[in-house]
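Novice: below is the sequence, then the predicted model.
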Amino acid sequence: MRSLPNDFKTKNQYLEDNAKDIKIMVLGASTVSMGIKPCYFDLQPAYNFAYASQSLEHNYWILSKRFDQMDSLKYLFLDMSWGQPWNSGEPIGANLDKFYNIYYDYPSESLDLELLSSVQELSHRIWPINDKEAYRTIDEDGYQSKYYEDLPYEEEAWLKSVDWSLDHYSQLINGEQSASKYRNSVDYMCQIISKCKEKNVKVILVTLPAMRMYYDKLDDYQRETMYHVADSLTNAFDNVIYWDFMRADSLFTVDEFYNPTHINPRGAKKFTMMLNDSINKIEQRQ
C-alpha cells in the first residue's frame, strides 16, 4: 500500500527533490489547496503543500522537515481562513493521518490502525470515487483540482453548504476544547512565522474569497477572532503580511466558485495571478 501513488507521497517527493530551490511555498487547508495554483507565479519554483482539512500542526511538520535546506525560500503563503484560529490539530481520519506519519515523520497511530485504514484506501482503488483514482487529486504544482467536480451553481444546494459549514465551525468554536485549540493554533502560527524569520522568509497570511451568502452569515465572534489573530501576528512579526480577500467575491463570477467557500480552477487561476501581481510589486521594491 505504501508503494502506491498518492498525493502525500507525490508532495513529499517534490519536497525531497526541490527543497533547496523552492521560492514560494503554500501551506494550509482546503481553501488554499483549491485556491492557489503555483504555476501562475512568475517566481519559480513554487509549490502548494496544502491539503483539505490540513491542520496548523501538520503544516508546521511539513515546513520543518526540510527547512534547513530551504535557502531559496522567499515567500510562504499561510491559510488564514475563518476556521484557522481553532485548527490546531483536528483529527482528519486514520486513512489520511497515516500519510503524515509515513512521509513527514508526524507522530501517528499504530501500524495495526494503518493496516486497517488501508482497507478503505484499497476499496477506493478498486471502486474509484466518481471514476477517479483515490488520493491522486493534485496537479504537477501541488494544486488540488482533480478530485472535485465542476458543479453548476444551484442556490438551494449552495445554501445547504453554507449551513453545514457554519454549523461545523460553530461546533468547533463552542466545543469544550475550543480555548485549548485556539491557543495551540496561535502557537503553531507563531512557530511557523518564527522559523521563517530565521531565513528572512516573508509569511503572507491570506484569506481567500467567499460568496456573500456565506460571509454575511458568518458569526461576528468568529470573524473578529480571525481578524484579531491576523492583525496581532502582523504587529508582532516584521516578516508577516496579511491579505484579506474574503469579500472579494465581486471580482469573481459564480462559475469561478466550486461552492460558497472555495474557488474552482478558473477562480484559482485568476486569484493566483492577483497574488502574483502583488508579489511582483514587493520584488520591485527590493
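Specialist: Perfect, I can see it now. Numbering: from 1, shown residues only.
Novice: pLDDT weak spots in the stretch 51-200 of the chain?
Specialist: For the stretch 51-200 of the chain, the stretches with pLDDT under 70 are 89-95, 108-114, 116-136, 147-151.
Novice: how about the helices in it?
Specialist: In the stretch 51-200 of the chain, the segments counted as helices under DSSP state H, counting those that start in this stretch are 56-65, 94-104, 111-126, 155-174, 178-197.
Novice: packing partners of the fourth one?
Specialist: Read that as helix 155-174. helix 212-215, helix 220-236 (3 or more CB pairs under 8 Å, 6 or more residues apart in numbering; DSSP states H and E). In short, each C-beta sits where N, CA and C put it, glycine included.
Novice: and if you look at the first one?
Specialist: Here helix 56-65 is seen to pack against strand 24-27, strand 75-79, helix 94-104, helix 178-197 when contacts are counted using 3+ CB pairs under 8 Å, 6+ apart.
Novice: what residues of that helix count as buried?
Specialist: 56-63, 65 (16 or more other CB atoms under 10 Å).
Novice: so what angle separates the directions of it and helix 94-104?
Specialist: 20 degrees (axes from the mean of the first three to the mean of the last three CA atoms, to 10 degrees).
Novice: ok, and what's touching helix 56-65?
Specialist: Contacts with helix 56-65, where a contact means CB atoms under 8 Å, 6 or more residues apart in numbering, come from 15, 25, 27-28, 49-51, 76, 78-79, 84, 87-89, 100, 104-106, 184-185, 188-189, 191-192, 195-196.
Novice: write the PyMOL selection for whichever of those are buried.
Specialist: Per 16+ other CB under 10 Å, the buried members of those correspond to this PyMOL selection:
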select buried, resi 15+25+27+28+49+50+51+76+78+79+84+87+88+100+104+106+184+185+188+189+191+192+195+196
